[in-house]
Structures are given as C-alpha cells and as structure tokens.
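Asks: Generate a structure from the sequence data that follows.
(2 chains)
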Amino acid sequence: MSPLLEVRDLEVHFLTPGGTVQAVRGVTFHIDQGESVALVGESGSGKSVTAQAIMGLVELPGHVVAGEVIWKGRPLSAAGRGEVARIRGRELAIVFQDPMTSLNPLLTIGVQITEVLRRHLRLGRRQAAQRALELLDLVGVSSPRQRLRQRPHELSGGMRQRVLIAIALACEPDLLIADEPTTALDVTIQAQILELLRDLRERLGLSLLLITHDLGVVAGTCDRILVMYAGRLAEAGTADEVFARPAHPYTVGLLRSTPRVDVVHPRLIAIEGSPPDLSAPPPGCAFHPRCPVATARCRREPPVLTPLGGREVACWNAFAASGVEATATSHEEVGR
Amino acid sequence: MRGATEPLLRVEGLTVNYPGGRAGWLGRERLLVHAVDDVSFTISQGETLGLVGETGSGKTTTGRAVLRRVPLTSGRIWFDGHDITEIGGRELRRLRARMQLVFQDPYASLNPRMTVGDIVAEPLVVHHAVQGRHELRERVRELLRLVGLPPDAASRYPMAFSGGQRQRIGIARALALRPDLVVADEPVSALDVSIRAQVVNLMQDLQEQLGLAYLFIAHDLAVVRHISHRVAIMYAGRIVELAGRDDIYERPLHPYTRALLSAVPIPDPATQRERRRVVLRGEIPSPIRPPAGCRFHTRCPLAEARCRVERPPLVERHPGHRVACWLA
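Replies: Down below sits the predicted model:
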C-alpha cells in the first residue's frame, strides 16, 4: 500500500534582494496511515517551509522550484485544481504556532468554526452549529456553548490552540500538520495540548506531522523523527533509535546541547558556530563548518540520505560523533 | 555596609500592583493587577537564584522591581546592605550601576542604529566610568573579548549578528560597569537549542571569572536546573517553593512544583513513556481577581476546604527548603 503522504525531492527558494535563499534543498520523506512523525530543526532549517509547501501555502517571494507532493499515491500535480483544493481543504489540515494570529479577532469562535463546516462540508446552519459544539467538546474546551459566542481575545492561549485544533479537525482530515503547536504555551498547558494530540490520534486514527524545535515534545508524541538542517534531512528513523543512538553529528550535538530536567549536567556541550546562510550554502555537507568529525570529503561532496543501521543518515562519518555511552555515564542519572 | 553573613540582595515582602483599567457601572470600580504579592528571597554573592514560573506568575515583574524599574506597592529591598527602596537620585543611580539587566529578546533590546561598540560603551559614558577615549576603547575591546566576540565587532551594527551573538552583545553591555548582580530575564529562551547552550556556558564562565550573582528568570525548568544554585517557583504572583536546586528537582514538596516538573517533556522516549505525569486541569488564574486562600487551589489535585480560605505561609520544612502549602 502506498503511504498516506510522500514528499519527493522538494526544493523551495525565496527570491530576496540579497539573493536566492535555498530554504528547502531536496527533501524526501513519507508518512504512513496512522503514523506520527516529527520534523525537527532549528530556525531556518526549512521545517516550516516544508509544511507550507505540502499545504500549498508558500508565500511570495517563496517558490516551490522542484519536487512532488504525493497524496494517497497520487501526485498533486496530476490532480485538477478543484481536486487539489479539496484535498488541501478537507483531507489535510494544519495548525500554526500562534493561536492569536491564526484566528480572526473580530469574529466569534462559533462563526469561525461553522464557516469551515458550511463551506467544505456544505452543512446547514443548524447542523453546523451542532457539529461545532461536538468539535469543541472533542478537543476539551470547557463550556463550549458559551465559547461559541466569545471572541479569540476572551480565551486563554491554551483554549485558543484547542479551538484551532477543533477547526483543523472540522472536516475529519486524514493528516494533521501541527507547526510548533505548543511553542507559545506554558509548560502545563503544553502538556494538556500534547495529551490532546495523543488522544485524538488514538480516537480518530489521525496521522500527525509535528513540526518542532523541541526534542522533548517529540519524545513523548512521535513514532518517527526527521531531523532537518540547513534545508536538508540529516537523519530519519524511529524516535527510539534516533534518541538512543543518534548517527548524524548534528543530531548528536542537538541532543547533547539540550539540558534535561531529570539529569544534572556537568556542562552543556554546545554546537559551536551558527547555521549557514542559505543564500550561499557551504559546499559539501552543510554541517561541516560546525562538525567535530568533518573530513576533507565532507567539505567537497554533499552526503545523500542513505539507509544505515535501521535508519537513514546523510553523513560520510555517521556514528563517528556518537560516543553516546560516554555522555550517558557522565550524566548523573536521577530517576523520578 | 553589608556584614559577613548578609546576602548581596535581600527582598522582603515585595508587592507590586498595577492599575488594570476600570470595570463596573460607568467604570466606577478601579481594577488592580496583583502582579507580585509578598515575595521574599535572598541572593548571595556569586550565586544563581533561578526564578521559575509560567505566564502571569510575576517573575518578570519581580526582576524589574529588584532593579527598581517598576514602582513598588510595598516591601523592602536591600542591596549590599543598602535599603534601595528608600533612596533616590544619585545614590540610587550609583547602586543601580552594580545591578544590571539582560533582556530576553536580543533583537528588540539593541538599538539598530548604534554600532556594537557604542552600545557596549554607552553605560560607561553615561556613568562617567572611564577617563578619555583611549580607555573607553580599551574597555569595550576587553568586554567584547570577555563574551567571545571578535574585536572588529565594535564597528559593526547589531543587524550583522545572529541571535546568539546579539545576546553576547547584551551581556557585554550589562557587564560594562562591573556589576555584582545581573538580572537575566529569559536570556536564552529566544535562542535555538545549539546556540542556547553556548550562551548558558558563557554565563556560567562569567560567573566563575567575575563572581557575579544572577537572578535567572526563566520558564524552562531544564535550563534553570542546569544553571541555578537555588530555585524559587512562582505561581500567580507568589513564591510557592524555594529551595536548593537538588531539593526542588529531586524532592519537590509543593503540588504545583511536582506538576510543573512532570509536565516538562524529556528528550528520551523510553523515559518519557515511563514517567507518571500530573496533567493539571484548568488555567492560570487572572491576576486581577486572584483566588482567595492558596492561589493554586483552583487547579490543585489535593486542595481542601482550608486551602480555599487561608493563605499558606512560606515556611521552612527542612533546612533551606521553604514551601507554601497546607498539605505539603
């Protein structure tokens, strides 16, 4: 069976006065039915632009210059405009980081939910209102009847994010793309939203593409992880594998520089330097200027994503920077 | 002057209310935002106190109040033995030079029209801390080196620097007057993970070299565990627990601290699956009408009748471990 979603050789460029920024430089991955996949990276890694490209939301000066989005085995490029709009409107859904700017401040929550239901599902006024109540209830919004009459500013950040998830779920999508859904929220509210996403996956059989910079959020929520750096995938594999034995030096660095709340660290091990300017990406592997194990080859030849030890890695010296055992024992483990 | 046992900073009963607009019939009711309510703590020389809380906990206002950048409603603050709540003018300015602020947003807190050299030099000029151009240039160069920026950074503009480097510029400016205390308000939360570690390491190195004390305000409990000697947990304007770092993280007593710690995701799927999570229901209360009694009672899984009526005082349960809870 073909995967639910496939992205092949995606390239997105932004034409700016300072030159062409190659935000996404050939990204290929898939998501199976019912799977929860994390796309992880730092600012400028291209993770959000990848999501926008899937949804057809890349804004000027951005252009999808190459690649293919394949939905349920069919390239979107082969489908008619109406068909593509229907897929992106109903079968795919996206929630963004900032629930305040994604909602219209002038309209009530009720109007914003029922609008989607009436437009995409052609529900009548009464049916739409009924379904809106069910949706708010589904995502755990308290006193939903009252919320329908409220405007976004009357709700807390957590409630607004729940409302956005309700709107995203209105057409019963197969895949929910969540772009940093909890980054703007407090940690106790983040825990509520992550629990909601897990619960919705189970109850609705929803597939999830979670875009985040927070490795902690990934660990409890996703089956597979895709690590992105400078517009390319550095590593892809099951969350268990990648967290336990990261193969790419960037993944290793990311995990080492992330402090853990359950462990006392002697000192954080930072990744020196900063990510490259993607209007003039370095030759070879984009990570080589910051990589502790880079060799002459890394400066010349860009590594391709290759299957290795149960996952895929784009590195000429995979596992060379790992030494995971050494760092694990140097941390004083404190169980809770 | 401060005695041998006197801490560098002592805050007692700090309370800050803001006017919060009006309500009621023709707006006759004046609303007050109860941002900080009766907060007390100390910081010793060379020590880092982590101040943790969620939105509306009052942690940022507490930091600003310590620097006397917001008017206090009541309470006292002693810095190096001086009561800074009573003084003003030149005396306050002199003491303030020894307490500096590092901001969260390295993009908004640097003037884009000033060179990095001028930004770092500004406090030195304003406080007449150097004699002549030559000394000024030397001191700026020294500060840039201290925070790991190249000497030629002085002639460039903030735009030319990445987020992590801008935060280094902010730190260099804060250190210009050789302060004893740095209030750092979410100094790394706007930075990417790999850069965050660089700045955290820099702050620790500077503390060691210069004997700085930090009031490290943050919502990220993992970073706070890493950098702090002692930690205060704030909720809805009050400190609910204050203890040594290991006590807070390994033996938390307050139900809020426990819930907060259990909500922090751990980047390790195996650990994450096995953890018991206390998912708090409900929302952080409004600071305009905070709940009576313990402010956490509306979300507390253990709350009893008493918690809804009587405010629990912050009492010492074990040496150095204070908690404000009737049931802890």
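Asks: and the closest residue to A:T183 other than its chain neighbours, what element?
Replies: Once flanking residues are discounted, A:T183 sits nearest to A:Q97: 5.1 Å by C-beta to C-beta, 6 or more residues apart in numbering or on different chains. For the C-beta atoms, the positions are set from N, CA and C on the backbone; glycine is no exception. In this structure, A:Q97 sits in neither a helix nor a strand according to DSSP states H and E.
Asks: how near is the most centrally placed residue in chain B to B:V147?
Replies: Central residue of chain B (C-alpha atoms, centre = their mean): B:I217, 2.8 Å from the mean position. Counting by C-beta to C-beta, to the nearest Å, the gap between B:I217 and B:V147 amounts to 20 Å.
Asks: for A:S257, same thing?
Replies: Shown here: A:S257 relative to B:V147, a distance of 19 Å by C-beta to C-beta.
Asks: can you give me the strands for the stretch 101-250 of chain B?
Replies: Assigned by DSSP state E, counting those that start in this stretch, the strands in the stretch 101-250 of chain B fall at B:181-185, B:213-218, B:230-235, B:238-244.
Asks: any residue of the helix or strand that contains B:T257 up close to chain A?
Replies: Assigned by DSSP H and E, B:T257 falls within helix B:255-263. Yes - applying C-beta under 8 Å from any C-beta of the partner chain, one finds helix B:255-263 in contact with chain A at B:259-263.
Asks: what sits up against that helix?
Replies: For helix B:255-263, the external contacting residues (C-beta atoms under 8 Å, 6 or more residues apart in numbering or on different chains) are A:187-188, A:190-191, A:261, A:336, B:52, B:54, B:221, B:233, B:235, B:240-241, B:248-249, B:252, B:275-280, B:296, B:299-302, B:325, B:327-328.
Asks: Out of the residues you listed, which end up buried?
Replies: Burial by neighbour count, 16 or more other C-beta atoms under 10 Å in any protein chain shown: within the contacts of helix B:255-263 this picks out A:187-188, A:190-191, A:261, B:52, B:54, B:221, B:233, B:235, B:240-241, B:248-249, B:252, B:275, B:278, B:280, B:296, B:299-300, B:325, B:328.
Asks: remind me which residues of the stretch 1-150 of chain A are low pLDDT?
Replies: Residues of the stretch 1-150 of chain A that meet the criterion pLDDT under 70 lie in A:99-100.
Asks: Can you check which helix is longest in chain B?
Replies: helix B:193-210 (DSSP state H).
Asks: now for that one, which elements pack on it?
Replies: Using 3 or more C-beta pairs under 8 Å, 6 or more residues apart in numbering or on different chains; DSSP states H and E as the contact test, the elements touching helix B:193-210 are helix A:249-257, helix B:163-175, strand B:213-218, helix B:221-227.
Asks: Is chain A within reach of the longest one?
Replies: Yes - when contact is scored as C-beta under 8 Å from any C-beta, part of helix B:163-175 falls within range of chain A: B:163-165.
Asks: same check, this time on the shortest one
Replies: No - Strand B:213-218 lies apart from chain A when judged by C-beta under 8 Å from any C-beta; the minimum separation is 11.1 Å.
Asks: That strand: how far from the chain's middle?
Replies: The offset between the C-alpha centroid of strand B:213-218 and the centroid of the whole chain comes to 4 Å, using C-alpha atoms, centre = their mean, to the nearest Å.
Asks: coming back round to it: show me the contacts of helix B:255-263 that map onto helices.
Replies: Residues of those located in helices (DSSP H): A:187-188, A:190-191, B:221, B:248-249.
Asks: Show me the strands in chain A, by range?
Replies: Using DSSP state E, the strands assigned to chain A run over residues A:5-16, A:19-31, A:36-40, A:62-71, A:74-75, A:92-95, A:175-179, A:207-212, A:224-229, A:232-238, A:263-264, A:306-308, A:311-313, A:332-333.
Asks: Which one, of those strands, ends up nearest to B:W78?
Replies: Of all the strands of chain A, the one in closest proximity to B:W78, counting by C-beta to C-beta, is strand A:263-264 (31.6 Å).
Asks: and the closest one, what does it pack onto?
Replies: Using 3+ C-beta pairs under 8 Å, 6+ apart as the contact criterion, the secondary-structure elements in contact with strand A:263-264 are strand A:332-333.
Asks: Just the pLDDT for the closest residue to chain A within chain B.
Replies: The nearest approach of chain B to chain A comes at B:P265, 3.2 Å away (C-beta to the nearest C-beta). At B:P265, the pLDDT value in this model is 91.
Asks: hang on, it packs against B:R273?
Replies: No - counting by C-beta atoms under 8 Å, B:P265 stays clear of B:R273, with 11.7 Å between them.
Asks: Which one's more surrounded, the two?
Replies: When B:P265 is set against B:R273 and neighbours are counted by other C-beta atoms under 10 Å in any protein chain shown, the residue ahead is B:P265, at 25 against 10.
Asks: Give me the neighbour count for the spatially closest residue to that one that is not a sequence neighbour.
Replies: The spatial neighbour of B:P265 that comes closest, neighbours along the chain excluded (C-beta to C-beta, 6+ apart), is A:G216 at 3.2 Å. If you count neighbours by other C-beta under 10 Å, A:G216 ends up with 21.
Asks: now B:A305
Replies: Other residues near B:A305 number 9, with proximity taken as other C-beta under 10 Å.
Asks: Over to it: give its phi and psi.
Replies: Its backbone dihedrals place B:A305 at phi -50, psi -40, with angles given as degrees, to the nearest 10.
Asks: who wins for proximity to B:R22 among the helices and strands packed on helix B:193-210?
Replies: The closest of the helices and strands packed on helix B:193-210 to B:R22 is strand B:213-218. By C-beta to C-beta, the value is 30.4 Å.
Asks: Also compute the angle for the closest one relative to strand B:230-235, please.
Replies: The directions of strand B:213-218 and strand B:230-235 differ by 40 degrees, with axes from the mean of the first three to the mean of the last three C-alpha atoms, to 10 degrees as the criterion.
Asks: Mind listing residues that contact strand B:213-218?
Replies: By C-beta under 8 Å, 6+ apart, the surrounding residues in contact with strand B:213-218 are B:8-9, B:43-52, B:59-60, B:62-63, B:66, B:180-189, B:203, B:207, B:224, B:227-228.
Asks: buried sites along stretch A:153-162?
Replies: Using 16+ other C-beta under 10 Å as the test for burial, stretch A:153-162 gives A:155-162.
Asks: and the residue of chain A nearest chain B?
Replies: A:G216 (3.2 Å).
Asks: distance of that residue from B:I248?
Replies: From A:G216 to B:I248 the distance is 19 Å (C-beta to C-beta).
Asks: any idea whether the residue of chain B closest to chain A is helix, strand or coil?
Replies: The three-state label for B:P265, taken from DSSP: H, G, I helix; E, B strand; the rest coil, comes out as coil.
Asks: So which bits of the stretch 101-250 of chain A are right by chain B?
Replies: With C-beta under 8 Å from any C-beta as the criterion, the stretch 101-250 of chain A comes near chain B at residues A:156-159, A:186-192, A:194-195, A:213-220, A:239-240, A:243-244.
Asks: Contacts only, for B:R196.
Replies: Residues in contact with B:R196, defined by C-beta under 8 Å, 6+ apart, are A:257, B:164, B:188, B:223.
Asks: if we go to 6 Å?
Replies: For B:R196, the contacting residues are B:V188, by C-beta atoms under 6 Å, 6 or more residues apart in numbering or on different chains.
Asks: okay, now A:L57: neighbour count?
Replies: Around A:L57 sit 14 other residues, with neighbours defined as other C-beta under 10 Å.
Asks: Identify the nearest residue to it in space, disregarding sequence-adjacent positions?
Replies: For A:L57, ignoring the flanking residues on the chain, the nearest one in space by C-beta to C-beta, 6+ apart is A:I94 at 7.6 Å.
Asks: so B:L136 touches B:V130, yeah?
Replies: Yes - under the criterion of C-beta atoms under 6 Å, B:L136 makes contact with B:V130 at 4.7 Å.
Asks: and stretch B:71-80, which residues are buried?
Replies: The neighbour-count check on stretch B:71-80 (16+ other C-beta under 10 Å) flags B:72-73, B:75, B:77-80 as buried.
Asks: Thanks a lot, catch you later.
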